[in-house]
Every structure is written in structure tokens, then in C-alpha cells.
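A.B. asks: sequence plus the predicted model coming up.
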Amino acid sequence: DGGITQSPKYLFRKEGQNVTLSCEQNLNHDAMYWYRQDPGQGLRLIYYSQIVNDFQKGDIAEGYSVSREKKESFPLTVTSAQKNPTAFYLCASSGRDTPSEQYFGPGTRLTVT
Amino acid sequence: KNQVEQSPQSLIILEGKNCTLQCNYTVSPFSNLRWYKQDTGRGPVSLTIMTFSENTKSNGRYTATLDADTKQSSLHITASQLSDSASYICVVSAAMDYGQNFVFGPGTRLSVLP
């Protein structure tokens, strides 16, 4: 069953704690992306990675960190420095042959109180 | 500034009716335009993709149009069903040296009522 998975579906944390969101894909895609979605707004790019061991900041990278140690995995850490972390987080991937076609995971809803 | 706008923000229609969603963009250099359907609490799923030379693309009851001159696209839904209730997102890709730059619209929230 090929695809892109995110876990957990729902995540609750106390303010001041770091939290890591998982994203895994078995599509053999080189590129992976993290987006944040807030009500009434378009998806905003947090980080992206075009290849293993390399990643670039997106438009709203402050307060977030990522790693890309394996092609299949692109975890996102929401740090305590992120001032408004409550949001819906989406991971996506795209292949080299069709770089404009992004496949999205089911998302993780993070609530920080 | 690269930007994608969508209208209306939300729409309510009765089951079986048709509707049209609009997308205006200022993205350069234009590579392609996609429409995604996003069910509540789920990830977006691609419906159609159009390049510069294409002006119509269909996927079942979904028909997308593209006017590259006016930088406008529309998504027409025919004979709506309850399962069409979702957000519809217009995404325009710009070809960059490092890959693709995806610019997302805010989406149109469609509610189909019985």
C-alpha cells in the first residue's frame, strides 16, 4: 500500500514543550515538504527537502526544525520558540519525474495549550 | 509577489446542482495549475492539472478551465453530490532553478445540502 503517512492524527502538548511530527513515504520520492494550514489561509511552506541530508527553509520556518537522514522520512519538530503552534500540519512529497505533482499525507492536528 | 486568490470563500448549493469556483493568480514564471479537493481533516487530493497550453481538463464531474492570458482558472462541478462537500484549493506552480515553487490559494469551502 504505497503512500505518505503522518502520525499521530491528533497531538496535544503543553506550552513550552517541543513536539515532533512524523512523516513517512514509500513512494521513492526525492522531495518532501512540510506545510502549515490555518483556517481561511492557504497552505504555508515551513521546510522542504529536495534530497537526503539537505533541507531548506520555507516562508515560515521560525520555531520549527527538520531532519532528512533517510529518503523515506522527514520529521518536523515544533519547538517552544514557535509562538502560535496550534494548527493543522501537512506533509507532502513529489517525485523527480513529476516534480509538480505533490502527494499529501492525511495531516496532524496539533493543539498546544 | 506571487499570489493566488479564490472566490467565493464559501458556497452552499443543493444536491444535483452545478457550481463554478474561481481562481485568479499572479505567479511567474508559470509552470502549471492544479485543483485539489480537501475533505475536512484530511490531506488534499489532486483533481486536475493544466499546463500553459491547455485550456480545459476534465475528471469525471469536475471540469477545470485555464485562461493563461487573463491568469484565471475555474473549476466547474456538475450534478453535485453530498460527497463533493469539501474545500477546493487552487495551486499554481512556478518553475524555479531549484525545483518547483508552489503557491496555494486559500480555498473555497463547498457545502452540498440534500
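C.D. replies: It's in.

A.B. asks: and the strands in chain B?
C.D. replies: B:3-7, B:10-14, B:19-26, B:30-38, B:45-51, B:56-59, B:62-67, B:72-77, B:86-96, B:99-104, B:108-113 (DSSP state E).

A.B. asks: would you format those as a markdown table with mean neighbour count, distance to A:Ala61 and mean pLDDT included?
C.D. replies: Heads up, the C-betas are built off the backbone N, CA and C, glycines and all. Listed next are the strands of chain B as a markdown table, based on neighbours: other CB atoms under 10 Å in any protein chain shown; distance: least, CB to CB, whole Å; pLDDT from 0 to 100:
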| stretch | mean neighbour count | distance to A:Ala61 | mean pLDDT |
| --- | --- | --- | --- |
| strand B:3-7 | 17 | 20 | 95 |
| strand B:10-14 | 13 | 30 | 98 |
| strand B:19-26 | 18 | 24 | 97 |
| strand B:30-38 | 22 | 23 | 94 |
| strand B:45-51 | 17 | 26 | 92 |
| strand B:56-59 | 14 | 34 | 94 |
| strand B:62-67 | 18 | 32 | 96 |
| strand B:72-77 | 20 | 29 | 98 |
| strand B:86-96 | 21 | 17 | 91 |
| strand B:99-104 | 19 | 15 | 82 |
| strand B:108-113 | 17 | 28 | 98 |
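
A.B. asks: adding distance to A:Gln56, write those strands out as TSV.
C.D. replies: Shown next, in TSV, are those (distance: least, CB to CB, whole Å):
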stretch	distance to A:Gln56
strand B:3-7	21
strand B:10-14	34
strand B:19-26	23
strand B:30-38	18
strand B:45-51	24
strand B:56-59	31
strand B:62-67	29
strand B:72-77	28
strand B:86-96	11
strand B:99-104	10
strand B:108-113	30
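
A.B. asks: Three-state assignment for A:Ala61, please.
C.D. replies: coil (DSSP: H, G, I helix; E, B strand; the rest coil).

A.B. asks: ugh, wrong one, I meant A:Ser49
C.D. replies: Going by three-state DSSP: A:Ser49 is strand.

A.B. asks: done for today, thanks.
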